[in-house]
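Asker: let's see this in three dimensions:
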Amino acid sequence: MRALEVRLSCGMRLGFALSTAVQPDILLMDEWIATGDAAFVARAQERLKERLHDSGIVVLASHSTALIREFCNRAVVLSEGRMAYFGGVEDALQAYMGLVDRASEEQRKQVYRDDPLLFGEQVGLVEQLLIDGADLVVEGWALADGRPVSSVTVEVMGRRVTPPKVEALHRPDVLAHLGKRSGDFGFRVRVPLSAPQRAELKPHLVQVRVGKQLDRLGAPLSLARSAIVRLGALA
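Answerer: Here you go, the predicted structure:
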């Protein structure tokens, strides 16, 4: 039985040609080829796809959920060198996202950059943090994959809350900024606060994540420079 492990480095065209010259029964791949000029990458990817489809067993290590969904029927999630989950691909991706949620802020940012297909692509800004009675009112604007957001989570001092209602706000200034003709890209949500939270709350202790659905939320939105915690009643 022939087994082949493909390891690629930038510019190693000869190595790639030799390593894919034989159709293996077992193919071990560490990530996908994406280096080199466009013509070479296109030809190389087509060749890899042929080798993948014609192999009896394929083991693919990757952070790309698009690749995993296309080529795999089972998945293993590894965390700190140990198996955190083994099973179906979609369930494995859910387990992976759970690990990401518990990771450090810097690690999460790296994951969001590396795999926007998993979490979606979100842009926006948190502009107002208002303590209204026992609630924190968060206002801003955002879009997910080019559309208004419908799911929001707010993390206050380490405690994450999913507001039951996301109020869409019409923002002509945001439409002009984005170059769009229509769409309600502003949002407002309410989050209940405890008395200690109200007393100690600072802008950097609030993280807001948005998306089209709760299992595809992106990195925390940036805070506007004018986003300070204010006391008052919502008009």
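
Asker: what are the buried residues along stretch 147-164?
Answerer: 148, 149, 151, 152, 153, 154, 155, 156, 161, 163 (16 or more other C-beta atoms under 10 Å). In short, each C-beta sits where N, CA and C put it, glycine included.

Asker: name every strand pairing with the strand or helix carrying the fifth one and say which way it goes.
Answerer: Think residue 153. Residue 153 belongs to strand 151-156 when assigned by DSSP states H and E. When pairs are called by DSSP bridges, strand 151-156 turns out to pair with strand 159-161 (antiparallel), strand 206-211 (antiparallel).

Asker: against which helices or strands is the helix or strand following the first one packed?
Answerer: Remark: after strand 159-161, the chain's next helix or strand is strand 167-169, criterion DSSP H and E. With contacts taken as 3 or more C-beta pairs under 8 Å, 6 or more residues apart in numbering; DSSP states H and E, strand 167-169 sits against strand 186-192.

Asker: could I get the buried residue list for the helix or strand that the strand it packs on is followed by?
Answerer: Next along the chain after strand 186-192, taking DSSP H and E as the criterion, comes helix 195-200. Using 16+ other C-beta under 10 Å as the test for burial, helix 195-200 gives 197, 198.

Asker: what separates helix 195-200 from the chain centre, distance-wise?
Answerer: Relative to the chain's own centre, helix 195-200 is displaced by 31 Å; criterion: C-alpha atoms, centre = their mean, to the nearest Å.

Asker: on that earlier part again, so how far is the strand holding residue 153 off the chain centroid?
Answerer: For strand 151-156, the distance to the chain centre is 15 Å (C-alpha atoms, centre = their mean).

Asker: residue 183 against residue 148, yeah?
Answerer: Yes: at 5.5 Å, residue 183 counts as touching residue 148 under the criterion of C-beta atoms under 8 Å.

Asker: dump the one helix or strand residue 176 maps to to PDB, keeping only the CA atoms.
Answerer: Per DSSP H and E: residue 176 is located in helix 172-178. Output of helix 172-178 as PDB, limited to C-alpha atoms (Å, rounded to 0.1, in the frame of the first residue of the first chain):
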ATOM      1  CA  PRO A 172     -28.600  57.600   6.500                       C
ATOM      2  CA  ASP A 173     -25.100  58.500   7.600                       C
ATOM      3  CA  VAL A 174     -24.000  54.900   7.600                       C
ATOM      4  CA  LEU A 175     -25.600  54.300   4.200                       C
ATOM      5  CA  ALA A 176     -23.600  57.200   2.800                       C
ATOM      6  CA  HIS A 177     -20.500  55.900   4.500                       C
ATOM      7  CA  LEU A 178     -21.000  52.400   3.000                       C
END
